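Trainee: Give the three-dimensional model of this entry:
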Amino acid sequence: MVWLAVACAIAGAFFLAFGAQRQGSAVKANTGGLALGGNGFMRLLGNPRWVFGLLLLGAGMVLNVVALSLGSLTVIQPIGAIALVITTIVNSKDQGLRINRATVVAITICVTGSASFVLLAVNVVRENTHVTVEEELTIVLLLIIVVGIFGGSVLLWRRRLKAFFYIIGAGVLFGFVAVLTRIISKQLFDPNGLFLLNVQWYSIIAIAVAGGLGSWFVQSAYSSGPPDLVIAGLTVIDPIVGIAIGIAILKELQPNVPAVIAIAMVVAALLAIVGVIVLSRHHPDVVKRKRDARDAAKRAQRK
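Mentor: You can find the predicted model right below:
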């Protein structure tokens with residue numbers, strides 16, 4: 001079963017990588033590097049490349065769920081980071097870009113930090129088998145604040161926002177979605193046999209809003225940055241946020257955790273986030289966009 005789980009995780013990483021690359025290239029061609037608007041999104045629904053990428057992403061997510069059901073988090077979660085490496089290689093080949101040293105360093109930092117955080121966390125975290133109404137409501141209320149911050153930022157400074165903002169937003173939002181989805185799945189299969197009657201209506205609405213905004217952020221990130229950043233957000237930031245919520249709100253941290261482990265987890269999380277920041281600034285696609293923007297500005301001044 002373990003090897004089957006590993007095989008599913010690796011296959012899922014490939015699907016996620018190629019799906020992100022297909023969608024990223026489709027959005028970039030559709031928007032020309034400009035912000036993604038409502039009309040642009042509707043056009044994407046009729047773009048075969050974008051739809052194919054969506055199907056690949058869906059298949060990758062399903063395979064990852066199967067892998068997690070067959071194997072342990074310790075083994076499976078770090079494998080997902082392979083998608084970041086694959087996406088970078090595939091995208092650079094597709095766009096004719098040469099992977100620079102800064103990108104290699106950034107990806108290494110992302111993978112190392114993310115894998116280290118997960119490996120440390122699984123040894124000190126215990127699953128909360130019974131989530132109280134107060135804990136669930138606290139998560140929803142916190143999510144409302146997060147949606148307000150990110151959504152408000154889009155409304156106020158949409159034209160100034162860069163890919164890094166959208167990636168951080170998507171990773172944080174999908175981290176909340178993952179936690180609430182896990183809570184609802186437990187409620188559905190509660191031994192009391194009430195199924196849907198156990199599920200809180202506000203959690204369903206919260207998942208729909210966060211999932212919708214997060215999906216929009218992902219597509220917006222494609223229009224202003226390389227697909228590698230999208231995968232970095234979903235494979236690095238998402239699990240960190242999910243585990244952090246479990247520790248801070250659901251009280252999933254085991255008692256008497258050594259201080260050195262706690263400090264190491266914080267360092268690993270910061271390391272992974274720093275990797276995403278470096279990738280967002282020094283990726284060859286980002287560098288090329290900045291150079292093209294400077295050249296366009298110089299041409300405009302000459303006129």
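Trainee: for the record, mean pLDDT for stretch 88-100?
Mentor: Averaged across stretch 88-100, the pLDDT comes to 80.
Trainee: how far is whichever strand or helix holds residue 13 from where the chain is centred?
Mentor: Residue 13 belongs to helix 2-31 when assigned by DSSP states H and E. Here helix 2-31 is found 13 Å from its chain centre; the criterion is C-alpha atoms, centre = their mean, to the nearest Å.
Trainee: Show me what it packs onto, helices and strands only.
Mentor: Applying 3 or more C-beta pairs under 8 Å, 6 or more residues apart in numbering; DSSP states H and E, we find helix 2-31 packed against helix 38-44, helix 48-70, helix 73-79, helix 82-95, helix 201-224, helix 227-232. From N, CA and C alone the C-beta is placed, and that goes for glycine too.
Trainee: 6 Å instead?
Mentor: Judged by 3 or more C-beta pairs under 6 Å, 6 or more residues apart in numbering; DSSP states H and E, the packing partners of helix 2-31 are helix 38-44, helix 48-70, helix 82-95, helix 201-224, helix 227-232.
Trainee: quick check: angle from that helix to helix 82-95?
Mentor: 40 degrees (axes from the mean of the first three to the mean of the last three C-alpha atoms, to 10 degrees).
Trainee: If you count neighbours, what's buried in helix 2-31?
Mentor: 5-28, 30-31 (16 or more other C-beta atoms under 10 Å).
Trainee: Quick one: residues contacting residue 268.
Mentor: Applying C-beta atoms under 6 Å, 6 or more residues apart in numbering, one finds that residue 268 lies in contact with 113, 116-117.
Trainee: Most neighbours among those, which one is it?
Mentor: residue 117 (26 neighbours; other C-beta atoms under 10 Å).
Trainee: packing partners for the helix or strand hosting it?
Mentor: Under the criterion of DSSP H and E, residue 117 resides in helix 101-121. Using 3+ C-beta pairs under 6 Å, 6+ apart, the elements in contact with helix 101-121 are helix 73-79, helix 259-282.
Trainee: Okay, now the unreliable bits of this protein?
Mentor: Flagging of the chain using pLDDT under 70 yields the residue ranges 1-2, 31-41, 68-69, 71-78, 127-129, 191, 193, 293, 303.
Trainee: okay, which residue is most central for it?
Mentor: Nearest to the mean C-alpha position of the chain, by C-alpha atoms, centre = their mean, lies residue 234 at 1.6 Å.
Trainee: Report the separation between it and residue 148.
Mentor: 22 Å (C-beta to C-beta, to the nearest Å).
Trainee: next one: residue 277
Mentor: Going from residue 277 to residue 148 by C-beta to C-beta gives 24 Å.
Trainee: higher neighbour count, the two?
Mentor: Comparing residue 277 with residue 148 by other C-beta under 10 Å, the one with more neighbours is residue 277, at 16 against 10.
Trainee: Leaving out sequence neighbours, find the closest residue to the more buried one.
Mentor: residue 164 (6.8 Å; C-beta to C-beta, 6 or more residues apart in numbering).
Trainee: Number of residues surrounding that neighbour?
Mentor: Residues near residue 164, counting by other C-beta under 10 Å, number 20.
Trainee: ok, now residue 205?
Mentor: Based on other C-beta under 10 Å, the number of other residues close to residue 205 is 11.
Trainee: For it, give its distance to residue 242.
Mentor: Applying C-beta to C-beta, the value for residue 205 to residue 242 is 20 Å.
Trainee: same thing with residue 116?
Mentor: 16 Å.
Trainee: go on, residue 273?
Mentor: Separation of residue 273 from residue 242 (C-beta to C-beta): 15 Å.
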